[in-house]
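Q: Build the 3D model from these lines:
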Amino acid sequence: MAVRDDGAADSGPGSQTSLTELRRLAATDGLTVADEVVQRRPNPDLATYVGSGKVDELAALAESAHADLVIADGELSPGQVRNLEERVGVRVVDRTALILDIFAEHARTSESRVQVELAQIPYQFAPSARRGPHDVPRRRRPEGRRRRHGCPGSR
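A: Next up is the predicted model:
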């Protein structure tokens, strides 16, 4: 299954070209795309990449086609991957993960294998464990300590 959020600024022949390219990438990785779902909206849904109606449609199509994978034609956040997997019931990957998998299959030298493995590290963890720098919690001061105002070293 292939899914694409086709934003208003991105609609037209370019979007079909992108899906055709995604089909070819899937074929290179030994996968067959059973169906495509396209969502037309100004911005991707923050929780699921596509709207809830399209998620339901995607789940029904994946079930009827006995699909075991959904490929998103874009970059998904860890939360979007987790939410889509929960609602659709199959594994979800984005374009980048698919490309990295293709590179891994075609890497011949030890240096190229190491480079691909390093690039795949964020995708090897569960989606909830894949976090970007914006997800790092802020350090807290120990209880009872106050922030001092003024110059450094002042009391």
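Q: for the helix or strand bottoming out on mean pLDDT in the chain, packing partners?
A: When the helices and strands of the chain are compared on mean pLDDT, DSSP states H and E, strand 2-5 comes out lowest with a mean of 82. Packing partners of strand 2-5 (3 or more C-beta pairs under 8 Å, 6 or more residues apart in numbering; DSSP states H and E): helix 13-28, strand 36-39, strand 69-72. C-beta coordinates here come from the backbone N, C-alpha and C atoms, glycine included.
Q: List the strands paired with that strand, with their directions.
A: strand 36-39 (parallel), strand 69-72 (parallel) (DSSP bridges).
Q: mean pLDDT for those: which is lowest?
A: Of all the strands paired with strand 2-5, strand 36-39 carries the lowest average pLDDT, namely a mean of 89.
Q: next helix or strand past that strand?
A: Using DSSP states H and E, the helix or strand that follows strand 36-39 towards the C-terminus is helix 52-64.
Q: Contacts for that following helix next, please.
A: Contact with helix 52-64 is made by 1, 3, 34-35, 37, 39, 45, 48, 50, 67, 70, 84, 87-90, as judged by C-beta atoms under 8 Å, 6 or more residues apart in numbering.
Q: One more pass at 6 Å, please.
A: M1, V3, D35, V37, Q39, T48, R87, V88, V90 (C-beta atoms under 6 Å, 6 or more residues apart in numbering).
Q: do stretch 97-108 as well
A: Against stretch 97-108 from outside (C-beta under 6 Å, 6+ apart): L25, T28, D29, I71, R113, V116, A119, Q120, Y123.
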